[in-house]
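Visitor: give me a model of this one.
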Amino acid sequence: MAGILFIISAPSGSGKSTLVNEVRKQLTGIEFSVSWTTRPPRGSEQHGREYNFTTREEFERMLAAGEFLEHAEVFGNYYGTARSSLEQARDEGHDLMLDIDVQGAAQVRAKMPEAVSIFVMPPNPQVLRTRLRNRSRAEGVQDGAEVMRRLNAARKEIENYREYGYILVNDILDRAVAQLEAIVLTERFYRNDEPIAFRADRVLEVAATCLLANSQERLGPVLEAFRIGYPGQQELPFEEDSDDD
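Guide: Residues are numbered from 1 along each chain as shown. Here you go, the predicted model:
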């Protein structure tokens, strides 16, 4: 079986890590690339699990040595995907999922246009704001300004949705998991002629509804909520966090 490269991008707080973890419980033969970063661990994060944490100096050494498939600098920290992740997955005949931002995704698509690209969206800014606040509190951080910065960064990332082949709106987790699973199975079916064991017609139909060309009905409310397409692209008008909500 030829391994397929899946690129998954989403704004921080959109739930892509949960989606990937749930799909990997359901399907075999999927490796997940743990990115490298120079930012410090947050909360309960562990080296080698959420990220491979390293110094800026070591990251730049790896970069100069050509060890990254892609890299980007976000909020003052480096993030990158090691080439060894893809090489190992290919050697084992497994698919590989990359959890990377829009900058890194563009780099990978330029090098590997055959990759399957998936963009995960939150349903609206209010839901994303709640998720970001809950994450910050779980990490012991109370920083309303940081939440606001990430909200507006999310809007800028969502503006790139047209560059992706599939779109998922993560409003109901079970549905989004089923959609991501259907995309993986469908791509395996078309690319590797791998049979779909259960309800093949339905799986193909679910994946087809997630194609960018077929996502306009679901995309419309999300784009409107994030004010994408508005003149001037104003920042989202949210108030700072308060202690009573």
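Visitor: mind listing the strands for this structure?
Guide: All strands of the chain, identified by DSSP state E, fall at 5-9, 30-33, 36-37, 52-53, 68-74, 77-82, 95-99, 116-121, 166-169.
Visitor: how about those in a markdown table, adding mean pLDDT?
Guide: Below are these laid out as a markdown table (pLDDT from 0 to 100):
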| stretch | mean pLDDT |
| --- | --- |
| strand 5-9 | 96 |
| strand 30-33 | 92 |
| strand 36-37 | 96 |
| strand 52-53 | 96 |
| strand 68-74 | 90 |
| strand 77-82 | 94 |
| strand 95-99 | 93 |
| strand 116-121 | 97 |
| strand 166-169 | 97 |
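Visitor: for Asn170, what are its contacts?
Guide: Ala10, Ser14, Gly15, Lys16, Leu19, Val120, Met121, Pro122, Pro123, Ala176 (Cβ atoms under 8 Å, 6 or more residues apart in numbering). Where C-beta positions appear, they are placed from N, C-alpha and C, glycine not excepted.
Visitor: just give me the longest helix of this structure.
Guide: Counting residues, the longest helix found in the chain (DSSP state H) is helix 173-192.
Visitor: buried residues, that helix. List them.
Guide: For helix 173-192, a neighbour-count test (16 or more other Cβ atoms under 10 Å) marks 176-189 as buried.
Visitor: low-confidence stretches in this structure?
Guide: Across the chain, the ranges flagged by pLDDT under 70 are 1-2, 138-143, 230-245.
Visitor: of the contacts of Asn170, closest to Asp193?
Guide: Nearest to Asp193, judged by Cβ to Cβ, of the contacts of Asn170 is Leu19 at 25.9 Å.
Visitor: residues in contact with that closest one?
Guide: By Cβ under 8 Å, 6+ apart, the contact list for Leu19 reads Ile8, Val120, Leu168, Asn170, Leu173, Ala176, Val177, Leu180.
Visitor: doesn't Leu168 make contact with the last one?
Guide: This points to Leu180. Yes. Between Leu180 and Leu168 there is a contact under Cβ atoms under 8 Å: 6.4 Å.
Visitor: so what sits against both of the two?
Guide: Leu19, Ile118.
Visitor: coming back round to it: show me what the longest helix of the chain is packed against.
Guide: Counting contacts by 3 or more Cβ pairs under 8 Å, 6 or more residues apart in numbering; DSSP states H and E, helix 173-192 packs against strand 5-9, helix 16-26, strand 116-121, strand 166-169, helix 200-209.
Visitor: could you pull out the buried residues of stretch 164-172?
Guide: Quick answer for stretch 164-172 (16+ other Cβ under 10 Å): Tyr164, Gly165, Tyr166, Ile167, Leu168, Val169, Asn170, Asp171.
Visitor: just to revisit the earlier point, which of the contacts of Leu19 sits closest to Glu194?
Guide: Leu180 (16.6 Å).
Visitor: next, the contact list for the closest one, please.
Guide: For Leu180, the contacting residues are Leu19, Val20, Val23, Ile118, Leu168, by Cβ under 8 Å, 6+ apart.
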